[in-house]
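Enquirer: here is my input, please return the structure:
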Amino acid sequence: MTVIARTVASSPARRPVETWTVIMNLIAPNQGGARQELEKLSGIAACMISSETTKDDPIVIWGHGPRIRIYCLFGEDAITGDGVNEEPLPACPTEGAWAMSLPCPPEDLSWINEELRKVSTHVTARATGEPVEAGDTLEGSSQQASSKIDFESFLKP
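Expert: Model (predicted):
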């Protein structure tokens, strides 16, 4: 599986909601359904960013194209910009079938997922320290299609 990572400057260089806007511009640059859905969860995402869950645990997006991991920088690193990579992605990961996982403090996981369900059909939260499963694919996505091998056809003479 191909993975692309980006690192976005956050607090104190940007407020959490501004950081979320930069992230939305990376993953949903076009005004459409995905962008509207991501805008609806701005408050929740800003809450996760302000708690610095995205420092060591990335926001993960998968579906169209490579898996995307987005980390945030805080403190002096955010101010100096060392390690920041906010370059546009080669493809829009929110076109077609897509999903996103936000890192969340374990004690907030239940209520955050409840709130996410109210505004999004694509975004869920996971406890910090827990990985997104490598097998997470979406029906009809290029990742799922490319991972299936027809062994019978392969072994035919």
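Enquirer: name the element the closest residue to residue 121 other than its chain neighbours belongs to?
Expert: Excluding the flanking residues, the one nearest residue 121 by CB to CB, 6 or more residues apart in numbering is residue 37, at 7.5 Å. C-beta here means a position set from N, CA and C on the backbone, and glycine is covered the same way. In this structure, residue 37 sits in helix 33-40 according to DSSP states H and E.
Enquirer: one step back: burial count for the residue nearest to residue 121?
Expert: Using other CB atoms under 10 Å, residue 37 has 18 other residues around it.
Enquirer: what's near enough to touch it?
Expert: If you count contacts by CB atoms under 8 Å, 6 or more residues apart in numbering, residue 37 has them with 119-123.
Enquirer: so which of those residues are in strands?
Expert: When those are checked against strands (DSSP state E), the matches are residue 123.
Enquirer: and of the contacts of residue 37, the nearest to residue 52?
Expert: In terms of CB to CB, no member of those lies closer to residue 52 than residue 123, at 19.1 Å.
Enquirer: so what does the spatially most central residue of the chain have for phi and psi?
Expert: Taking CA atoms, centre = their mean, the centroid of the chain lies closest to residue 60, which sits 3.1 Å from it. Per-residue torsions, residue 60: phi -120, psi 130 (degrees, to the nearest 10).
Enquirer: one more: residue 31?
Expert: Taking degrees, to the nearest 10 as the convention, residue 31 sits at phi -70, psi 110.
Enquirer: same check, this time on residue 101
Expert: Main-chain torsions, residue 101, degrees, to the nearest 10: phi -120, psi 120.
Enquirer: switch to numbering from 15
Expert: Yep, numbering from 15; the last one is residue 115 now.
Enquirer: so it makes contact with residue 138?
Expert: Yes. Counting by CB atoms under 8 Å, residue 115 touches residue 138, with 5.8 Å between them.
Enquirer: would you list every one of the strands in the protein?
Expert: 17-23, 73-76, 81-87, 113-118, 137-141.
Enquirer: what packs against the first one?
Expert: It refers to strand 17-23. Counting contacts by 3 or more CB pairs under 8 Å, 6 or more residues apart in numbering; DSSP states H and E, strand 17-23 packs against helix 30-41, strand 81-87, helix 90-94.
Enquirer: and the ones you listed: which comes nearest residue 64?
Expert: When the helices and strands packed on strand 17-23 are compared by CB to CB, helix 30-41 sits nearest residue 64, at 4.2 Å.
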